[in-house]
Structures are given as structure tokens and as C-alpha cells.
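1. Compute the structure for the input listed below.
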Amino acid sequence: MASRLLHRLRHALAGDGPGEVAAGPEAEQFPESSELEDDDAEGLSSRLSGTLSFTSAEDEDEEDEEDDEEAPDSLPAADGASGEDAEQSSAPDGQRSSQLLPRQLQDFWKKSRNTLVPQRLLFEVTSANVVKDPPSKYVLYTIAVMGPGPPDRQPAQISRRYSDFERLHRNLQRQFRGPMAAISFPRKRLRRNFTAETIARRSRAFEQFLSHLQAVPELRHAPDLQDFFVLPELRHAQSLTCTGLYREALALWANAWQLQAQLGTPSGPDRPLLTLAGLAVCHQELEDPGEARACCERALQLLGDKSSHPLLAPFLEAHVRLSWRLGLDKRQSEAQLQALQEAGLTPTPPPSLKELLIKEELE
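-> Got it, this is the predicted structure:
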């Protein structure tokens with residue numbers, strides 16, 4: 001839609017005068033297609049300077065090694081020419097300068113973009129670390145997920161590798177051929193997977209890839225995309241909670257809660273409730289009953305009158321116990337829990353949040 005609007009505006013501007021208006025030195029670039037840009041390494045470094053860090057100090061020594069997730073060990077190593085051919089060629093400088101907007105169009109875009117384009121999430125690769133986990137070796141990309149809100153709010157973060165992005169791309173292509181047709185994805189390479197240039201190119205490509213997916217409502221609500229953002233964090237947090245590492249688990253539960261709030265769409269039937277259960281358990285084990293009780297109250301608000309929900313009684317039981325510990329009113333929760341027990345909807349005593357959290361299989 002943006003490219004069509006741009007096309008019509010250019011024709012309108014062309015009709016106003018005998019020739020094109022020269023672009024000013026401060027003119028902005030406007031992406032005319034939803035293809036991923038494949039900038040040269042220098043351009044990428046300047047865009048990501050100050051945020052993207054590399055831990056690939058051994059790039060020159062390891063550039064001929066193969067990434068296990070992108071090229072099986074049994075494949076013969078390709079020569080340098082074939083490796084470079086696998087990357088898309090950079091656009092020449094002349095072509096880039098021809099994409100600069102005329103001054104009138106630039107002013108129009110600045111004034112209208114807030115009304116034409118809905119506010120969406122922003123994605124930024126903040127670090128890319130080479131991980132050696134014999135016999136495999138891969139690059140782990142850490143992405144900051146920034147949504148609308150106070151500028152001082154700490155962004156949520158996820159860490160994913162190339163194979164995670166590739167799996168997401170493959171699943172979405174299979175389900176949404178039409179919307180995915182215009183969205184590109186960085187190609188696999190047999191060599192030079194761990195050079196700063198390759199990592200920088202892919203970092204920029206992954207930022208654009210996620211931004212393009214979020215721009216299409218049909219893709220933004222896809223379960224596979226929701227799983228990509230939230231499910232690994234929930235599973236890791238659950239595992240740490242089950243092993244008693246509550247402080248480490250608490251940070252992951254909080255990050256998962258923030259991710260779900262920023263995504264703005266349900267990431268699963270009970271995932272927000274399970275996240276609140278994890279937060280309540282960790283706060284309780286870390287001797288913070290006030291925060292644990294607040295999590296229970298939030299969950300009870302979400303549950304409403306769902307008397308048959310398996311998590312209702314455990315949240316009520318935890319709320320009663322925490323309220324008693326803090327010397328706060330617990331009569332309403334006690335009455336609701338007693339009504340559930342008398343109706344045979346929950347055993348006496350009900351299972352604890354921790355028991356349910358340990359038994360729950362996150363899918």
C-alpha cells in the first residue's frame with residue numbers, strides 16, 4: 001500500500017512542474033518494497049553502531065568453518081566465490097541516491113506517516129554472539145522488542161539463532177503463501193558464517209523480517225509467530241522454577257509477561273495465566289508476598305467467573321494464604337473457594353500453583 005501511495009504522489013508531483021525537484025542533503029530514504037534490504041557492510045555498521053556488538057574475535061581464523069544449522073558437516077566446503085554468490089548484491093550508490101524523496105514528498109511523509117502507518121513494535125539486534133557447543137557452533141542473536149510506552153521502559157528481549165528464524169519463515173510460508181510472497185529471508189551460506197560482515201547483514205535482515213511480519217495483520221496474529229516470541233522463554237522459565245532457581249526464573253517470567261503485553265494478542269489459551277502463576281510462585285519463594293498477591297489478583301481478574309477453570313482454585317488458595325500473611329482482607333476469596341469446593345469443582349485442599357506449574361506441558 002505504501003509503495004502505491006508513493007507512486008501516485010510522485011506522479012502528482014511530476015505534474016506540478018517541468019521536472020523533478022532535487023532532493024536535499026537531509027532527505028530520507030523510503031522503502032518502496034517489502035523485500036529485505038541487503039546493504040553493504042559499511043552501511044550496516046553505521047546503522048547499528050552503538051547497539052550491535054560482536055563476540056566473534058576469531059572471525060579471520062574461523063571464516064572457513066561451517067555453521068551446523070546452515071550447512072551439514074557432510075557437505076563439502078564451497079570455494080570463496082560460491083560463498084559470496086549466496087548473498088544478494090548490494091545496490092549501487094547511484095541507485096540508492098535515486099530513491100531519495102523530493103523535498104515536497106519528504107515533508108508530506110513526515111506529516112502523514114503517523115496517521116497512515118499504525119504504531120507497531122520495533123526490533124533491534126543488540127548483540128550477536130558466536131556460541132560453541134561441540135559439535136555444533138552457531139550465532140545467537142539477541143533482539144530487543146520495543147513497543148509503545150514510556151521511553152525509559154526497559155525493552156523485552158529474546159535470543160534466537162538462524163535456525164529459529166528459518167523455521168518460522170518456513171512455517172509461515174506454508175500457511176500464508178500470499179502474504180509471505182513479498183517477504184524475503186537471508187539465504188543460507190556454506191562458508192563465512194561467522195564474519196562480522198555476515199553477522200551484520202543478517203542482523204539487519206532479521207530486524208526487517210520481524211518488522212514486515214508485524215506489519216501484516218494476518219501474519220501478526222499467526223500462532224507460529226506468537227510461539228516464536230514467547231514459547232522458548234516460558235519453557236526456560238518453567239524449567240528454572242522446577243529446579244528451584246527462582247531468581248533466574250523470575251527475570252524470565254517477567255520478560256515473558258512483557259512480551260505478551262507488547263504483542264497485544266493472545267499467545268496461547270492459558271499462557272498469560274501460567275505466566276502470572278510463575279511470577280507468583282517465584283515472588284513467594286523469594287519472600288515477596290506483596291508482589292505474589294498482586295499477581296494472584298491480576299490472574300483472578302483475568303479469570304473472572306470461569307468457575308470451571310483448573311487455575312481458579314489454586315489462585316484463590318494462594319490469594320487467601322498471602323492475604324492472611326499480610327493481614328489483608330481475604331473473605332471474598334475464601335467464600336469463592338468454599339463455593340467451588342462445595343460444588344465439587346475442586347478438591348479439598350486444591351492443588352497449589354507450584355504443583356500445577358510443574359505438571360503443565362507448555363505447547
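2. Okay, the spatially closest residue to residue 310 that is not a sequence neighbour and residue 248: tell me how far apart.
-> Sequence neighbours aside, residue 356 is the residue nearest to residue 310 in space, at 7.1 Å (criterion: Cβ to Cβ, 6 or more residues apart in numbering). Yep, even glycine has a C-beta here, placed from its N, CA and C like the rest. In this view, residue 356 and residue 248 are 21 Å apart by Cβ to Cβ, to the nearest Å.
3. Between these two, which has more neighbouring residues?
-> The neighbour comparison of residue 356 against residue 248 (other Cβ atoms under 10 Å) goes to residue 356, with 19 against 14.
4. same for the strand or helix carrying the more buried one, what does it pack against?
-> Using DSSP states H and E, residue 356 falls within helix 353-359. Judged by 3 or more Cβ pairs under 8 Å, 6 or more residues apart in numbering; DSSP states H and E, helix 353-359 is in contact with helix 223-242, helix 271-285, helix 312-326.
5. Give me the residue ranges of the stretch 1-150 of the chain where confidence is low.
-> 1-119, 149-150 (pLDDT under 70).
6. Let me know which of the helices and strands packed on helix 353-359 is tucked in deepest.
-> When the helices and strands packed on helix 353-359 are scored by mean count of other Cβ atoms under 10 Å, the highest mean neighbour count falls to helix 271-285 (a mean of 24).
7. got the contact list for that helix?
-> Here helix 271-285 makes contact (Cβ atoms under 8 Å, 6 or more residues apart in numbering) with 230, 234, 237-238, 241, 244, 246-247, 249-250, 253-254, 256-257, 260, 266, 289, 291-293, 295-296, 298-299, 302-303, 311, 314-315, 318, 322, 353-354, 356-357, 360, 362.
8. so where do the strands sit in the stretch 101-250 of the chain?
-> Along the stretch 101-250 of the chain, counting by DSSP state E, counting those that start in this stretch, strands occupy 122-133, 136-146, 156-161.
9. Just the angle for the second one relative to strand 156-161, thanks.
-> Per axes from the mean of the first three to the mean of the last three Cα atoms, to 10 degrees, the angle that strand 136-146 makes with strand 156-161 is 160 degrees.
10. Note down every partner strand of strand 136-146 and its orientation.
-> Paired strands of strand 136-146, with direction, are strand 122-133 (antiparallel), strand 156-161 (antiparallel) (DSSP bridges).
11. just to revisit the earlier point, pipe the helices and strands packed on helix 353-359 into CSV and attach mean pLDDT and distance to residue 187 per row.
-> Converted to CSV, the helices and strands packed on helix 353-359 look like this (pLDDT from 0 to 100; distance: least, Cβ to Cβ, whole Å):
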stretch, mean pLDDT, distance to residue 187
helix 223-242, 95, 20
helix 271-285, 96, 33
helix 312-326, 96, 48
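12. wait, what's in contact with the residue nearest to residue 213 when sequence neighbours are not counted?
-> Distances taken as Cβ to Cβ, 6+ apart put residue 219 closest to residue 213, at 4.8 Å, once the chain neighbours are dropped. Shown in contact with residue 219 (Cβ under 8 Å, 6+ apart): 172, 176, 179, 180, 213, 225.
13. Out of the residues you listed, who's the most crowded?
-> Neighbour-wise, the contacts of residue 219 (other Cβ under 10 Å) top out at residue 213, 24 neighbours.
14. mind listing what that residue touches?
-> Counted by Cβ under 8 Å, 6+ apart, residue 213 has contacts 172, 183, 219, 220, 225.
15. Of those, which is the nearest to residue 344?
-> Nearest to residue 344 among the contacts of residue 213: residue 225, at 40.1 Å, using Cβ to Cβ.
16. Can you give me the separation between that closest one and residue 205?
-> Here the distance between residue 225 and residue 205 works out to 17 Å (Cβ to Cβ).
17. Same question for residue 232.
-> Using Cβ to Cβ, residue 232 is found at 20 Å from residue 205.
18. tally of neighbours for the residue lying closest to residue 122 once chain neighbours are set aside?
-> Counting by Cβ to Cβ, 6+ apart, residue 122 lies nearest to residue 146, which is 4.4 Å off, once chain neighbours are set aside. Using other Cβ under 10 Å, the number of residues around residue 146 comes to 16.
19. I figured residue 146 hits residue 154, correct?
-> No - using Cβ atoms under 8 Å, residue 146 is not in contact with residue 154; the gap is 9.6 Å.
20. Among the contacts of residue 219, which lie within helices?
-> 172, 179, 180, 213, 225 (DSSP state H).
21. Dump the strands of the stretch 101-250 of the chain into CSV; add distance to residue 199 as well.
-> Listed next are the strands of the stretch 101-250 of the chain as CSV, based on distance: least, Cβ to Cβ, whole Å:
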stretch, distance to residue 199
strand 122-133, 5
strand 136-146, 6
strand 156-161, 12
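22. Show me the one of those that comes nearest residue 329.
-> Nearest to residue 329, of all those, is strand 156-161, at 34.1 Å by Cβ to Cβ.
23. Quick one: residues in contact with that closest one.
-> By Cβ under 8 Å, 6+ apart, strand 156-161 touches 69, 126, 131, 138-145, 228-229, 232-233, 255, 258-259, 262.
24. Just the buried residues out of the residues you listed, in ChimeraX syntax.
-> Selection of buried members from the contacts of strand 156-161 for ChimeraX, criterion 16 or more other Cβ atoms under 10 Å:
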select :69,126,138,139,140,141,142,143,144,145,228,229,232,233,255,258,259,262
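25. just checking, what packs against the helix or strand containing residue 333?
-> According to DSSP H and E, residue 333 maps onto helix 331-342. The contact analysis (3+ Cβ pairs under 8 Å, 6+ apart) places helix 331-342 against helix 312-326.
26. and the helix it packs on with helix 271-285, angle?
-> 30 degrees.
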